[in-house]
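Asks: One predicted model, sequence on top.
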Amino acid sequence: MGFRPLEHKRDVSVCSLMRLMQMICCVLVLQGIFLSGAMADTAKVLGARLGVYPDYTRFVIDLDREVDFTHFLLPDPYRIIIDMPEIDWTAPPGNVTAGGGLISGLRYGLFKPGTFRVVLDVGQPSVVSKIFLLPPGDGKSYRLVIDLVPTGRDAFMTASRDSMQAYSARSRNDTSSTEQSADVAVSSGRPGNNKPVIAIDAGHGGVDPGAIGADGVYEKNLTLAAARELAKTLTDTGRYQVLLTRDKDVFLRLQQRVEIARKANADLFLSLHADSIGDSKHRGASVYTLSENASDKEAAALASKENKADVIAGIDLSVENSLVQSILIDLAQRETMNLSATLASNMVTELGQDIQLQRRTHRFAGFAVLKAPDIPSVLFEMGYLSNQTDAKLLQTPAHRKKIAKAVLRAIDQYFKQHEF
C-alpha cells in the first residue's frame with residue numbers, strides 16, 4: 001500500500017511522457033506538412049531542350065507548374081535574359097548548354113533572393129519573336145517556350161532598349177543592391193569591438209558559374225566550400241569575426257560584394273577564386289592585389305559625383321572640392337594597397353609551406369572587387385580547374401582545410417605587423 005503513491009506517480013509520469021511524445025509527433029508532422037507545402041510552392045524544372053528550324057530557334061523549359069516570367073535583351077555580347085521566381089532546376093540541361101542554332105550557350109541560377117535567371121547567349125543579333133507558357137496536355141508538363149529569330153544590330157539595340165525600359169518599370173519597387181544582399185551575407189563569431197572583421201568573398205555564384213573544370217566542377221561551388229572552411233577556421237580561434245558575402249548559391253554583382261564588406265566595416269577582404277586556362281598542365285595558386293595603374297584610374301573614377309559620399313571610412317567628401325577629394329582618395333587607396341601587399345606577401349609565405357604556388361606568386365591586376373579604398377583586399381586564385389590535379393585537390397575537404405590554416409597564419413602575422 002505504501003508504494004501505491006509512487007506507482008501512481010510513475011503512471012502519471014509515463015502518461016505525461018506519452019502525451020509529450022504525441023505532441024512532439026504532431027509538431028513534427030505539422031512541420032513536415034508545412035515544409036512540404038513550402039517546397040511545393042517552388043516550381044521544379046523537369047528538363048530543357050533545343051529545337052533548330054530553318055527560320056528560328058526554339059528553347060523549351062519543362063516545368064511541373066505554372067510560373068511567371070519576364071525577359072529582356074542585352075548587347076555586347078548578345079544575350080536573352082529570362083527571369084522567374086525562385087525555381088528548383090536540378091534536372092540536367094542535356095546538351096542545351098553547348099548551344100545550337102542561334103543559341104551559343106546557356107547559363108542559369110539564382111540571380112538574387114526571389115529571382116531565378118536564365119541567360120541565353122546568342123552568337124548573332126537575335127530577338128524574341130514569341131515567348132509563352134503552354135499548359136499541360138497530352139501527358140506533357142507545363143512548357144515555357146522561347147522562339148528566337150535573327151535580326152540586325154540596329155533592330156536588336158532597339159528591342160534591347162524597349163525591353164530594358166519595361167523591365168526597369170517592373171523593378172522600380174526593388175530594394176537597393178546592398179539590401180537585396182541582406183539575407184545572402186552571413187556573419188559568424190561573437191561580435192566584439194576588439195575583434196577584427198574578416199570579409200570572405202566566395203567568387204561567382206548563382207547564374208554565374210565561373211570557370212568550369214575539366215571534370216565538370218563549377219568554380220562557384222568550390223569557392224563557396226573554401227569560403228565556409230576558411231570562415232570556420234578563423235571563427236574557431238575566437239580571435240576574429242567573419243563575414244561571408246554569400247553563404248548560398250546566389251549571384252552577387254562585384255559592387256555588391258565590396259558594399260557588403262564596407263557596410264560591415266571589414267578590416268580585411270579576401271576574394272576566393274579558381275581559374276581555368278587553355279594550358280591543362282599549368283597549375284598552382286597565386287595572390288593578386290590591385291595594380292598601381294588601376295589604382296590611379298579608380299582614384300579618378302571614385303572622385304566622380306556618384307561616389308563622393310561615404311567613400312573613405314564613412315567620411316563625407318561631398319563638401320570638399322574635387323582636388324581635395326582626389327588627393328584624399330588617392331592617399332587612402334595607396335595606404336590600403338600597401339597593407340594589401342603585406343597580407344599578400346604573408347599569404348604567399350604561408351601557403352608556400354603547404355601547397356604548390358605559381359612561379360609568379362604575387363600578381364597585380366585591376367579586379368573590381370579589390371577597389372575598396374579603405375579595406376586591404378586580396379584576390380586568392382586557389383588553383384586552376386583546367387588542371388586535373390588542382391581540380392581534384394580543390395574538391396577535397398583536406399586540401400581546403402590546409403589552405404584555410406595557411407591563410408589563418410598569414411592573417412595572424414598581418415595583425416602582429418599592424419596592431420588592430
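Replies: Perfect, thanks for sending it. What you see is a predicted model; the values in this text were computed from it and never measured.
Asks: Could you check the pLDDT of I82?
Replies: pLDDT, the model's per-residue confidence, is 92 for I82.
Asks: part of a helix, is R161?
Replies: Yes - going by DSSP: H, G, I helix; E, B strand; the rest coil, the assignment for R161 places it inside a helix.
Asks: how near is it to Y167?
Replies: Going from R161 to Y167 by C-beta to C-beta, to the nearest Å gives 11 Å. For every residue, glycine as well, the C-beta is placed using N, CA and C.
Asks: what is in contact with these two at once?
Replies: Between them, R161 and Y167 have no joint contacts when contacts are counted by C-beta atoms under 8 Å, 6 or more residues apart in numbering.
Asks: which helices and strands does whichever helix or strand A169 is part of pack with?
Replies: With elements taken from DSSP states H and E, the one containing A169 is helix 153-170. Counting by 3 or more C-beta pairs under 8 Å, 6 or more residues apart in numbering; DSSP states H and E, the packing neighbours recorded for helix 153-170 are strand 70-74, strand 126-134.
Asks: Enumerate every residue touching F156.
Replies: When the contact criterion is C-beta under 8 Å, 6+ apart, the partners of F156 are 73, 75, 78, 125-127.
Asks: Now the buried members of those.
Replies: Buried residues within the contacts of F156, counting neighbours by 16 or more other C-beta atoms under 10 Å: 73, 78, 125-127.
Asks: Tell me where the model's unsure across the stretch 1-150 of the chain.
Replies: For the stretch 1-150 of the chain, residues meeting the criterion pLDDT under 70 lie at 1-40.
Asks: Break this protein into its domains for me.
Replies: Using automatic domain parsing, the domain parsing of the chain gives 43-170, 177-417.
Asks: Need the winner for burial among the ones you listed.
Replies: Of all the domains of the chain, domain 177-417 carries the top mean neighbour count, a mean of 19, counting by mean count of other C-beta atoms under 10 Å.
Asks: ok, which stretches of the stretch 101-250 of the chain are strands?
Replies: Assigned by DSSP state E, counting those that start in this stretch, the stretch 101-250 of the chain shows strands spanning 103-112, 115-122, 126-134, 142-150, 186-188, 197-202, 241-244.
Asks: picking that back up, kindly state which of the helices and strands packed on helix 153-170 is positioned closest to A264.
Replies: Distances from A264 to each of those were compared using C-beta to C-beta; the minimum, 31.1 Å, belongs to strand 70-74.
Asks: Q124 versus G152, what's the distance?
Replies: From G152 over to Q124 (counting by C-beta to C-beta), the distance is 9 Å.
Asks: out of everything not next to it in sequence, what's closest to F59?
Replies: Taking C-beta to C-beta, 6 or more residues apart in numbering, and ignoring the residues beside it in sequence, F59 has I146 as its nearest neighbour in space, at 4.6 Å.
Asks: likewise L351?
Replies: For L351, the closest residue by C-beta to C-beta, 6+ apart turns out to be A406, at 4.6 Å.
Asks: Relative to W89, how far out is the one you found?
Replies: With the distance defined as C-beta to C-beta, A406 ends up 36 Å from W89.
Asks: Is P150 in contact with Q124, as I believe?
Replies: Yes - contact between P150 and Q124 holds when scored by C-beta atoms under 8 Å: they sit 6.0 Å apart.
Asks: doesn't E350 make contact with R409?
Replies: Yes - checked against C-beta under 8 Å, the pair R409 and E350 is within contact range at 4.4 Å.
Asks: can you pull up the bridge partners for the closest residue in space to L133 that isn't next to it in sequence?
Replies: Here the nearest residue to L133 in space, its sequence neighbours aside, is L144; by C-beta to C-beta, 6+ apart that works out to 5.4 Å. Under the criterion DSSP bridges, L144 forms beta bridges with I61, L133.
Asks: any idea how far L144 is from I87?
Replies: In this view, L144 and I87 are 10 Å apart by C-beta to C-beta.
Asks: Spit out the residues that contact the two alike.
Replies: With C-beta under 8 Å, 6+ apart applied, the overlap between the contact sets of L144 and I87 consists of 63, 67.
Asks: pLDDT score assigned to V250?
Replies: On pLDDT, V250 comes in at 89.
Asks: Give me the distance between I375 and A226.
Replies: Distance check for I375 against A226: by C-beta to C-beta, it reads 20 Å.
Asks: Identify, from the contacts of F156, the entry nearest to P113.
Replies: Where the contacts of F156 are concerned, and distances follow C-beta to C-beta, P113 has its nearest neighbour in L73, at 24.3 Å.
Asks: isn't that closest one right next to R79, touching?
Replies: Yes - contact criterion C-beta under 8 Å: L73 and R79 qualify, at 7.1 Å.
Asks: out of everything not next to it in sequence, what's closest to L408?
Replies: In space, not counting the residues next to it along the chain, L408 is nearest to T233; the distance is 5.3 Å by C-beta to C-beta, 6+ apart.
Asks: Now do the contacts for the one you found.
Replies: 401, 404-405, 407-408.
Asks: Tell me how far it lies from A225.
Replies: 13 Å.
Asks: so who does N346 touch?
Replies: Taking C-beta under 8 Å, 6+ apart as the contact definition, N346 lies against 409-411, 413-414, 417.
Asks: got those residues as a markdown table, with distance to Y240 and secondary structure columns?
Replies: A markdown table is the format used below for the contacts of N346 (distance: C-beta to C-beta, whole Å; DSSP: H, G, I helix; E, B strand; the rest coil):
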| residue | distance to Y240 | secondary structure |
| --- | --- | --- |
| R409 | 13 | helix |
| A410 | 13 | helix |
| I411 | 7 | helix |
| Q413 | 14 | helix |
| Y414 | 11 | helix |
| Q417 | 16 | helix |
